[in-house]
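Chemist: Take this sequence and fold it.
(chains A and B)
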Amino acid sequence: DAGVTQTPRHEVAEKGQTIILKCEPVSGHNDLFWYRQTKIQGLELLSYFRSKSLMEDGGAFKDRFKAEMLNSSFSTLKIQPTEPKDSAVYLCASSLAPGGNTEVFFGKGTRLTVV
Amino acid sequence: GDSVTQTEGLVTLTEGLPVMLNCTYQSTYSPFLFWYVQHLNEAPKLLLKSFTDNKRPEHQGFHATLHKSSSSFHLQKSSAQLSDSALYYCALTHNNAGAKLTFGGGTRLTVRP
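Modeler: Got it, this is the predicted structure:
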């Protein structure tokens, strides 16, 4: 079985550019998450979808970050415009069911560098 | 709201010595606790999760016990191996949060020969 697939694995953007990160969740999973990972802040939730509906989008990230689920097997995270402080690893994750005891599966992430 | 605290950002120890990584939490709901491990350039993966019936979960020599009285879920291993070097995250969820995880800040474990 394929796990969570994220593309690209690395992205370099100039300040002010628009970038789009892509994610394919595990087939059949209903919940999808976007997290930002940095050494200082650890893992921060950006967005949470359940059955393609946006359940939560992290308040601090609302202005320049927009996640969408175009269908149950594909999601994008758009950052517009990018700033150097956005340099981080962006992780996508999915889960089969919303129960509290359900395992969450992560992709390997996209490492974004904004110069 | 929910929160998870991992007090050590970095832990370095010698192969063969015991490992203990701390995790405490706060939640107004009955929580499920998890440990995720991330090796370099890899995806975070589930290492352990708490059971509802007080069983002690174990995997790859690691174990953790959920102590509701002290709101803790410390990760332990009796003898560290070089391959244990990785980033470890403690995380929490509950039935009201669905599968959404609240993570601690992470502990980077380095095991030296």
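Chemist: and the most centrally placed residue in chain B, what pLDDT?
Modeler: By Cα atoms, centre = their mean, chain B has its centre lying nearest to residue B:35, at 3.4 Å. pLDDT for residue B:35: 96.
Chemist: quick one, what contacts it?
Modeler: B:23, B:46-49, B:62, B:64, B:73, B:75, B:88-91 (Cβ atoms under 8 Å, 6 or more residues apart in numbering or on different chains). Yep, even glycine has a C-beta here, placed from its N, CA and C like the rest.
Chemist: For it, name its beta-bridge partners.
Modeler: residue B:48, residue B:90 (DSSP bridges).
Chemist: measure it to chain A for me?
Modeler: Separation of residue B:35 from chain A (Cβ to the nearest Cβ, to the nearest Å): 12 Å.
Chemist: And the strands in chain B?
Modeler: B:3-5, B:10-14, B:19-21, B:24-26, B:32-38, B:45-49, B:58-59, B:62-64, B:75-77, B:86-93, B:102-103, B:107-112 (DSSP state E).
Chemist: which other residues reach the fourth one?
Modeler: This points to strand B:24-26. B:2-5, B:7, B:31, B:33, B:70-73, B:90, B:92.
Chemist: just how off-centre is that strand within its chain?
Modeler: 12 Å (Cα atoms, centre = their mean, to the nearest Å).
Chemist: that older thread, tabulate the strands of chain B in TSV, adding columns for distance to residue A:87.
Modeler: Converted to TSV, the strands of chain B look like this (distance: least, Cβ to Cβ, whole Å):
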stretch	distance to residue A:87
strand B:3-5	25
strand B:10-14	21
strand B:19-21	27
strand B:24-26	29
strand B:32-38	18
strand B:45-49	24
strand B:58-59	33
strand B:62-64	32
strand B:75-77	30
strand B:86-93	18
strand B:102-103	20
strand B:107-112	19
